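K.L.:
Here's my sequence, what's the structure:
(2 chains)
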Amino acid sequence: MGSYLVSLQPKKKFMSIQLSDQEMFRRNALEEMRNLGIEPYPAETYAINATSKEILEKFPNDNSLYQDISIAGRIMTRRIMGAAAFAEIQDSSGRIQLYFKRDDICPGEDKTMYNTVFKRLLDIGDIIGIKGYAFYTQMGELTIHVREYKVLCKSLKPLPVVKEKDDVVFDAFSDPEQRYRQRYVDLIVNPEVRDIFIKRTRIVNSMREFLNRGGYLEVETPVLQPLYGGAAARPFKTHHNTLDMPLYLRIANELYLKRLIVGGFDGVYEFSKDFRNEGMDRFHNPEFTQMELYVAYKDYEWMMNLVEEMVEKIALDVYGSTIIRVGENDIDFKRPWQRFTMFEAIEHFTSIDISMMEETELVAVATKFGVNVDASMGKGKLIDEIFGEKCEPYLIQPTFITDYPVEMSPLAKKHRSKAGLVERFEAICNGKEICNSFSELNDPIDQRQRFESQLELGKRGDQESMVLDEDFLRALEYGMPPTAGLGIGIDRLSMIITNSPSIQEVLFFPQMRPEVIEAHVSDSANPFQDTVVPEAWASILVKLGIGSPSALREANINKLFNDLNGMRKKMKLDVAALKIEELKTWVE
RNA sequence: CUCUCCGUAGCUCAGUUGGCAGAGCAAAUGACUCUUAAUCAUUGGGUCGAUGGUUCGAAUCCAUCCGGGGAGACCA
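P.N.:
Numbers count the residues shown, from 1 in each chain, chains lettered A, B, ... in the order given. Predicted coordinates for the structure are as follows:
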């Protein structure tokens, strides 16, 4: 700890103020273990030969099994009755009860491993390995009788203790902020959360298996792109130092995959993390996952059949059924799904046929339905808005919507028979789009014109209009076979299939504003020595992770103000509360 | 960006019309050899998200800010 910090508070007091009593007890237990010659963080392998799940499944059928178990897990509950005790450990497959008996753990005179280590120095949250045998208690619960145990990891932070009886959960760890920020805790104490993520992986595995079986090649394309394209969205912009040029994080990988079709692959797909610099809500995270697939010599009709088949298989692989309960509804993914053209869908829900309307009439209809209309909207956008307002939310069962206005689909091929439309479909399910697909536009001259009309929309103020990609056009000029393309949102699909109401529930680490975490300050000089920042506050800045004057200048001043005073209060510092005016003088 | 709800002990939550911060679980100490939200006894622990204001007095009222949830705007 640097000298300027020592002058602030003596180290001992400094530390004890920040740790709760429970954390202090655990640190003391750690020391005591070491004094007893027990290493709380041993290095060597702990060999296991069973999991809680397989014991619970197989022992009831054959009581001769599991008489020499080695198993490891985290202590989740303990019920101690003097010389005997029950505990539960949780491993990756679930929980199982343990029975500890003093004279079995400690057959000799020395009862330390039971009386001191087990009863006093171990806590809920610690990870132990045990050896023993399976049996039934008098109450009939399958339990492991522990012969010996070993400390594998001492936990220094108290875990939230969630209890359950008759399927009623008590004191659930439920605060969304804490659950998302400390997902590891969420995963430890909320088994249904881990189940969601297991299902998500199964969905991805099932899809990949389906695609590989179809003979499509899984590929990787750039995340950092000099031009962003393939979707209508605003990008994240970054900078490459050596090239000294801006680069964008991809908003889609469509244009790269189509270059590969030009290059002669018949079918390529990629699970891609895409990034869109837009609002965040229940359905949008700045980074999200999409699977894009392009198949040569196919069209959108063919792709619709593929989507139905693929999603039906996923439902069957995950649940063994095509029917999934989602919120209030039972959604059935069984083929075939209902198909509507966009105009049919609008007519179905509004009884108005807008298929022949001009822009001014569409504006009137849109306004009537409460759509916010502005000058940047073209005809296609208006139709799309009307659909989004009056149809999409009401489509619960999986439904294909086909034949979109050309203005909204600059990468899709013109409809073979309907003027002004393109060969495009979306699958809508539970009121939300889950995929988007079209017969890909492979006429390079038409494609150039579409890009140019996108530039027009950009001039009208549409911030999401696409940019013109000359290299992509060059690729098309060499010739791309007729191709069907698909983008399917993995997060959206996972939400539906796991019955999760928000995207945060299907992302391990959803995007959040940064949290204040006190950094451990090591011995170093005051980085604010040559500034107007007082020494007392400088140490707090370092603890908040702000280690240089430039970092200070980049910080959000209101948040910093809040955080600094928060730390002052928490650490009971003997300095006056910081005024925002004073803070402002630091960054000037 | 707007509206709205929320922020109190490690966790889940109470806190009346402003009047000395409460409970359950968790923790500590002790008792208890088949418990299971184990039980019984005793004990410690929070300055109420931050700042400023009103007041004799603020967790409580007001303003601004920080963080989160929900709805909307925006957005495939």
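
K.L.:
so what's A:Leu486 bridging to?
P.N.:
Note on A:Leu486: beta-bridge partners by DSSP bridges are A:Leu293, A:Ser437.

K.L.:
pLDDT at it, what is it?
P.N.:
The model reports A:Leu486 with a pLDDT of 96.

K.L.:
check contacts around it.
P.N.:
A:291-294, A:303, A:306-307, A:435-437 (Cβ atoms under 8 Å, 6 or more residues apart in numbering). Heads up, the C-betas are built off the backbone N, CA and C, glycines and all.

K.L.:
so how far is RNA strand B from it?
P.N.:
To RNA strand B, A:Leu486 is 10 Å away according to Cβ to the nearest atom of the strand, to the nearest Å.

K.L.:
same deal with A:Lys163?
P.N.:
Between A:Lys163 and RNA strand B the computed distance is 4 Å (Cβ to the nearest atom of the strand).

K.L.:
quick one on the thing from earlier: dump the contacts of A:Leu486 into a markdown table; add pLDDT and distance to RNA strand B as well.
P.N.:
Shown next, in a markdown table, are the contacts of A:Leu486 (pLDDT from 0 to 100; distance: Cβ to the nearest atom of the strand, whole Å):
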| residue | pLDDT | distance to RNA strand B |
| --- | --- | --- |
| A:Met291 | 96 | 13 |
| A:Glu292 | 96 | 11 |
| A:Leu293 | 97 | 14 |
| A:Tyr294 | 97 | 14 |
| A:Met303 | 97 | 13 |
| A:Leu306 | 97 | 17 |
| A:Val307 | 97 | 13 |
| A:Cys435 | 93 | 8 |
| A:Asn436 | 94 | 3 |
| A:Ser437 | 95 | 8 |
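
K.L.:
Out of the residues you listed, grab the one that's most surrounded.
P.N.:
When neighbours are counted by other Cβ atoms under 10 Å, A:Tyr294 leads the contacts of A:Leu486 with 29 neighbours.

K.L.:
Looks like that residue contacts A:Thr483 (just checking).
P.N.:
Yes - if you go by Cβ atoms under 8 Å, A:Tyr294 and A:Thr483 touch, sitting 5.5 Å apart.

K.L.:
Common neighbours of those two, please.
P.N.:
Joint contacts of A:Tyr294 and A:Thr483 (Cβ under 8 Å, 6+ apart) are A:258, A:261, A:440.

K.L.:
Which among those residues count as buried?
P.N.:
A:258, A:261, A:440 (16 or more other Cβ atoms under 10 Å).

K.L.:
which residues touch the second one?
P.N.:
What that stands for is A:Ile261. A:268, A:294, A:296, A:440, A:480-481, A:483.

K.L.:
Need the CA coordinates for the strand or helix carrying it. CSV is fine.
P.N.:
Assessed by DSSP states H and E, A:Ile261 sits inside helix A:254-262. Provided in CSV are the C-alpha atoms of helix A:254-262 (Å, rounded to 0.1, in the frame of the first residue of the first chain):
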residue,chain,number,x,y,z
GLU,A,254,-24.4,-11.8,-45.0
LEU,A,255,-22.2,-10.1,-47.6
TYR,A,256,-19.2,-12.2,-46.6
LEU,A,257,-21.1,-15.5,-46.8
LYS,A,258,-22.4,-14.6,-50.2
ARG,A,259,-18.9,-14.0,-51.4
LEU,A,260,-18.2,-17.6,-50.4
ILE,A,261,-21.1,-18.8,-52.5
VAL,A,262,-19.6,-16.8,-55.4
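
K.L.:
could you check the angle helix A:254-262 makes with the following helix or strand past that helix?
P.N.:
Sequence-wise, the next helix or strand downstream of helix A:254-262 (DSSP H and E) is strand A:267-275. Using axes from the mean of the first three to the mean of the last three Cα atoms, to 10 degrees, the direction of strand A:267-275 lies 160 degrees away from that of helix A:254-262.

K.L.:
how about strand A:267-275: buried residues?
P.N.:
Going by neighbour count (16+ other Cβ under 10 Å), the buried part of strand A:267-275 is A:267-272, A:274-275.

K.L.:
how far is stretch A:567-576 from where the chain is centred?
P.N.:
Relative to the chain's own centre, stretch A:567-576 is displaced by 36 Å; criterion: Cα atoms, centre = their mean, to the nearest Å.

K.L.:
List the buried residues for that stretch?
P.N.:
Result for stretch A:567-576 [16+ other Cβ under 10 Å]: buried residues A:567-568, A:571, A:573.

K.L.:
Which ones among the residues you listed lie within strands?
P.N.:
Secondary structure assignment (DSSP state E) places none of those within strands.

K.L.:
Return the residues in contact with the residue positioned nearest the centre of chain A.
P.N.:
Nearest to the geometric centre of chain A sits A:Leu507, at 1.4 Å (Cα atoms, centre = their mean). The contact partners of A:Leu507, taken as Cβ under 8 Å, 6+ apart, are A:285, A:491.

K.L.:
try A:Asn277
P.N.:
With Cβ under 8 Å, 6+ apart, A:Asn277 has these contacts: A:233-236, A:286.

K.L.:
Repeat the analysis, applying 7 Å as the threshold.
P.N.:
Contact analysis of A:Asn277 by Cβ atoms under 7 Å, 6 or more residues apart in numbering lists A:234-236, A:286.

K.L.:
who wins for most neighbours among those?
P.N.:
Top of those by neighbour count (other Cβ under 10 Å): A:Pro235, with 23 neighbours.

K.L.:
correct me, but that one touches A:Pro246?
P.N.:
No - assessed by Cβ atoms under 7 Å, A:Pro235 is found out of contact with A:Pro246, at 9.9 Å.

K.L.:
Do you know the pLDDT at A:Lys298?
P.N.:
97.

K.L.:
so which strand or helix has A:Ile324?
P.N.:
Here A:Ile324 is assigned to strand A:323-326, by DSSP H and E.

K.L.:
Can I get that strand in PDB? Just the C-alpha atoms.
P.N.:
Output of strand A:323-326 as PDB, limited to C-alpha atoms (Å, rounded to 0.1, in the frame of the first residue of the first chain):
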ATOM      1  CA  ILE A 323     -45.400 -28.400 -28.200                       C
ATOM      2  CA  ILE A 324     -43.700 -25.900 -25.900                       C
ATOM      3  CA  ARG A 325     -45.400 -23.900 -23.200                       C
ATOM      4  CA  VAL A 326     -44.400 -20.200 -23.600                       C
END
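
K.L.:
any idea how far A:Ile386 is from A:Ser376?
P.N.:
Distance, A:Ser376 to A:Ile386, using Cβ to Cβ, to the nearest Å: 16 Å.

K.L.:
more neighbours, those two?
P.N.:
A:Ile386 (22 against 15).
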